[in-house]
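**Q** Predicted coordinates and the sequence they were generated for:
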Amino acid sequence: MKRLRRVVESGDIIEDYSEDVRGHSCLILGFGTKQRPIHVVCLSKEVYLAIITAYLPAPRLWADDFKKRVNR
């Protein structure tokens, strides 16, 4: 849980989903132990922040910096 908090607090927003049916959400990139990339999708509500999902991005689906999707 500490790693997710660190990603949300200090990571970079790499995708913005303003048209999401759940509400305005975004994809954040941060790094965990040994600089392992972590993606967190979250949704900002008026009184709380909802974590929709968190995952370790597959290198074959992302550019080397894990900021852009690729078709390999």
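**A** Thanks, I have it. Numbers count the residues shown, from 1 in each chain.
**Q** just for this structure, where's the confidence low?
**A** The model of the chain has pLDDT under 70 over residues 72.
**Q** In it, mark out all the helices, start to finish.
**A** 2-10 (DSSP state H).
**Q** Just the strands from the protein, written as ranges.
**A** Ranges of strands in the chain, per DSSP state E, are 12-17, 25-31, 37-44, 49-55.
**Q** do you know which of these lies nearest Arg69?
**A** strand 12-17 (8.5 Å; Cβ to Cβ). (C-beta placed from N, C-alpha, C; glycine too.)
**Q** buried sites along the closest one?
**A** By neighbour count, with 16 or more other Cβ atoms under 10 Å as the criterion, the buried positions of strand 12-17 are Ile14.
**Q** Would you reformat the strands of the chain as TSV and include distance to Val70?
**A** Listed next are the strands of the chain as TSV, based on distance: least, Cβ to Cβ, whole Å:
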stretch	distance to Val70
strand 12-17	13
strand 25-31	14
strand 37-44	14
strand 49-55	17
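**Q** out of the ones you listed, which comes closest to Arg3?
**A** Evaluated with Cβ to Cβ, these place strand 37-44 nearest to Arg3, the distance being 6.4 Å.
**Q** Asp64 and Asp20: what is the separation?
**A** 27 Å (Cβ to Cβ, to the nearest Å).
**Q** More neighbours: which of these two?
**A** Comparing Asp64 with Asp20 by neighbour count (other Cβ atoms under 10 Å), the higher total belongs to Asp20, at 13 against 8.
**Q** Give me the distance between the more buried one and Lys68.
**A** Asp20 is 19 Å from Lys68, by Cβ to Cβ.
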